[in-house]
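In: okay, here's the prediction I keep looking at, along with the sequence it came from:
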Amino acid sequence: MSWEIFFELETAAKKSQCFTFLHKKIVHNFYNKKIAREDAEDLAQDVCVRVMQNLENILNKCQSVHHLKNYIYKLAKNILFDHLQKQKRSIKAAEIEEVYVETPEGVILEKELNYILYGCMEKINENWCEVLIWKDVEGKSANEILLLSGVSERTQRLWRAKAKDQLKTCIENKLQNE
């Protein structure tokens, strides 16, 4: 079986063969990239489903087998990249949660971080800080903040961005100086 099967899809049986062929190729590609078996199979299935759902559009774009292979492998690479990014984020979140286990070190670290955070928040413009807290900590909507402060949604976004930038810079400076 070869990639030409994609251009000869008249029956459901051919589509099933196409799905199986594609799944094997993508799983093999992920194995070569040292991806765990279960992850490789799940990701390959995601790729196959996306390809089969949009097959007509893909075939219209890709007039040759070479273009089709490139398109599908690029899609597989993007799906793998997204998966690895999510894994990386979940690992970081798990590491952070482990630090805050109720141990004496965790309690001390949390107090130090809060001290740095509150110290930096005192240096930010008070109005910017209020909007940042209302939106990002308390989860208030733009309309609720408008009622509380009389500030338009556009100005709220601007103030939050400025507050976040200043907060980030201040925290980085304090952490470097310690």
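Out: On my side now, so go ahead.

In: does residue 153 touch residue 146 like I think?
Out: Yes - taking Cβ atoms under 8 Å as the definition, residue 153 is a contact partner of residue 146 at 7.0 Å. Using the backbone N, CA and C atoms, a C-beta is placed for each residue, glycine as well.

In: which SSE is immediately downstream of the helix-or-strand element of the chain with minimal mean pLDDT?
Out: In the chain, no helix or strand scores lower on mean pLDDT, DSSP states H and E than helix 65-99, which sits at a mean of 76. Per DSSP states H and E, the first helix or strand lying C-terminal to helix 65-99 is helix 104-123.

In: the chain - how does it break down into domains?
Out: 3-96, 102-177 (automatic domain parsing).

In: would you turn those into CSV with mean neighbour count?
Out: Converted to CSV, the domains of the chain look like this (neighbours: other Cβ atoms under 10 Å):
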stretch, mean neighbour count
domain 3-96, 14
domain 102-177, 14
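
In: can you flag the weakest of those domains by average pLDDT?
Out: Ranked by mean pLDDT, the domains of the chain bottom out at domain 3-96, with a mean of 78.

In: and the nearest residue to residue 135 once chain neighbours are set aside, what is it in contact with?
Out: In this structure, residue 135 finds its nearest non-sequential neighbour in residue 160, 5.9 Å apart by Cβ to Cβ, 6 or more residues apart in numbering. Residues near residue 160 by Cβ atoms under 8 Å, 6 or more residues apart in numbering: 128, 131, 132, 135, 136.

In: thank you kindly, that will do.
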